[in-house]
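1. Structural data only, the sequence is not supplied:
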């Protein structure tokens, strides 16, 4: 019996630089050229200043835990054998409205110690076949 | 600005079907049955219906792939009911509450006389609600990894799929911020289950719950256990709205809409699950602006509970208690039948089943009619305060930006 593999992110015309950055082990996010707003998911127009120009730039990869969940039962492909695992929403240090979601890579024996506002740093998980996904670890 | 048609619209008919787990009947047939029940309850005929409103039309929660078989969108229902002519229709929104809210506005502005609103739910025959990419570890050849594009590219590769993995995070944050524990939520789990045990439509009618049952329940997405999640079902319910003037002619006491508020969005890109708070906050702001009443005038509430912590967001944002206080507010029987503010007297979705909001409206009307029965005529779930039957019930449904809430009242006020 073989479980399905984890889903593969398919870059599109908007978010390709994010996934290209991950391959180079860089957390690269879209910055508004007008006001500097940093967005976790790319936009075509800035909601704050309405500029339509953006730059993709590496960020520090540091942030704090905003919220998280410890998943015990899932139908998500490739994750049945990984429960309990953590999905974590992180506020990056550069931008208080920017939440980057990934797994928090931490041993289950540490789950009881988790809480909000803990500092985290980005890491990169190589899943083979050229797929690299940003992940979080406790700082 | 606020809704300025308070007291001009009433709910005069309600109908529903039995619910089941992956039942045999076509979903469209359930929607028609619920609708005909609501029309009969209103004391009118199908030909009197000149407005139709539902959610959703083609895709969304509780909607399967085949109109009539696993869905009951508006275009299908025109055929299913045999509608000859209508003056107004709507099939948008994001929850049945928005379909009801726009129906109230259509009545208030004279677009039509009687609006039928229905909502049917189809339980997926495999997998779960909201699971983006399924990959249960069945036998057979190795499967290819699913491809996740668009927004799902940021979720599925991290094992975010089923709805609880999305909605649990806001609850975890709440617990860490304010010191709430699962023991606190047991108060809602047990009161809603006790209510469901007096509701013959409930999937849990014959199944009581103890504190230990709740605390020992298996985790789905910590801190959400199975009993914090609503139960997917097949089923349907419907309501009929008309003007306050026409409502007086009906066979049943009208439930007047004496206040109405709407949910709202906010651009700030928090995890979307926290739109719940924004929804409740905006709904609160606009609802209380439409009436002179305050939270003190409310006899009981029917509050959307796809997941049990939704109760916290509603109670806090609707001004029943301060932020971070709901987990203590619900203790000591306050929200149980007989308490100061009974909540989800039918059991809520966590203990009745998942009709995605419309059952809250159905029960709100039952409360205003004082006919929330277990056995016919016993009023087993009726809200009564010091011998006085319920006069004002707050109904709020919708959660992710969308949403409409009303006060239903026994008299215009």
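-> On my side now, so go ahead. Just so it is clear, the model here is predicted, and its values are computed rather than measured.
2. Burial check on residue B:123, number of neighbours?
-> Residue B:123: 22 surrounding residues under other C-beta atoms under 10 Å in any protein chain shown. The way it works is simple: take the backbone N, C-alpha and C, and place the C-beta from them, glycine included.
3. ok, now residue B:149?
-> Neighbours of residue B:149 using other C-beta under 10 Å come to 14.
4. which residues make contact with stretch A:85-92 from outside it?
-> The contact list for stretch A:85-92 (C-beta atoms under 8 Å, 6 or more residues apart in numbering or on different chains) reads A:29, A:38, A:40, A:59-60, A:62-71, A:79, A:98-104, A:106, A:111, A:114, A:120, A:136, B:158-160, B:165, B:169, B:271.
5. can you do 6 Å?
-> Contact partners of stretch A:85-92, identified using C-beta atoms under 6 Å, 6 or more residues apart in numbering or on different chains, comprise A:59, A:63-71, A:98-101, A:103-104, A:120, A:136, B:158-160, B:165, B:169, B:271.
6. Now, of these, which are buried?
-> Buried by 16 or more other C-beta atoms under 10 Å in any protein chain shown: A:59, A:63, A:65-71, A:98-101, A:103-104, A:120, A:136, B:158-160, B:165, B:169, B:271, out of these.
7. rewinding a little: okay, and which of the contacts of stretch A:85-92 map to strands?
-> Counting by DSSP state E, the part of those found in strands is A:63-71, A:99-101, A:103, A:120, A:136.
8. tell me the contacts of residue B:85?
-> Neighbour list for residue B:85: empty [criterion: C-beta under 6 Å, 6+ apart].
9. and the gap between it and residue B:78?
-> 10 Å (C-beta to C-beta, to the nearest Å).
10. any weak-confidence spans in chain A?
-> A:1-3 (pLDDT under 70).
11. Up against chain B, what does it have?
-> Contact residues (C-beta under 6 Å from any C-beta of the partner chain) of chain A with chain B: A:1-10, A:47, A:67-80, A:85, A:87, A:89, A:97, A:99, A:102-103, A:115-116, A:133.
12. Any of those buried? List them.
-> The neighbour-count test (16+ other C-beta under 10 Å) applied to the residues of chain A next to chain B identifies A:3-10, A:67-80, A:85, A:87, A:89, A:97, A:99, A:102-103, A:116, A:133 as buried.
13. Low-confidence ranges, the stretch 251-400 of chain B, go.
-> Applying pLDDT under 70 to the stretch 251-400 of chain B picks out residues B:269, B:272-273.
14. Try it again at 90.
-> B:264-279, B:398-400 (pLDDT under 90).
15. now the residue nearest the centre of chain B: how far from chain A?
-> Nearest residue to the geometric centre of chain B (C-alpha atoms, centre = their mean): residue B:357, 1.6 Å. The spacing between residue B:357 and chain A, counted by C-beta to the nearest C-beta, to the nearest Å, is 24 Å.
16. Angles on the backbone of that residue, please.
-> As for residue B:357, its main-chain torsions (degrees, to the nearest 10) stand at phi 110, psi -30.
17. Now do the contacts for it.
-> By C-beta under 6 Å, 6+ apart, the contact set of residue B:357 is B:95, B:96, B:97, B:304, B:397.
18. So of the residues you listed, which two are at opposite extremes in space?
-> Maximum pairwise distance among the contacts of residue B:357 (C-beta to C-beta): 9.9 Å, between B:96 and B:304.
19. in chain A, which spans are helices?
-> Listed in chain order, the helices of chain A (DSSP state H) span residues A:16-23.
20. give me the residue from it nearest chain B.
-> Proximity of chain A to chain B (C-beta to the nearest C-beta) peaks at residue A:77, 2.6 Å away.
21. pretty sure that residue contacts residue A:8?
-> No: using C-beta atoms under 6 Å, residue A:77 is not in contact with residue A:8, being 9.5 Å away.
22. out of everything not next to it in sequence, what's closest to residue B:36?
-> Distance criterion C-beta to C-beta, 6 or more residues apart in numbering or on different chains; nearest residue to residue B:36, sequence neighbours excluded, is residue B:15 at 6.9 Å.
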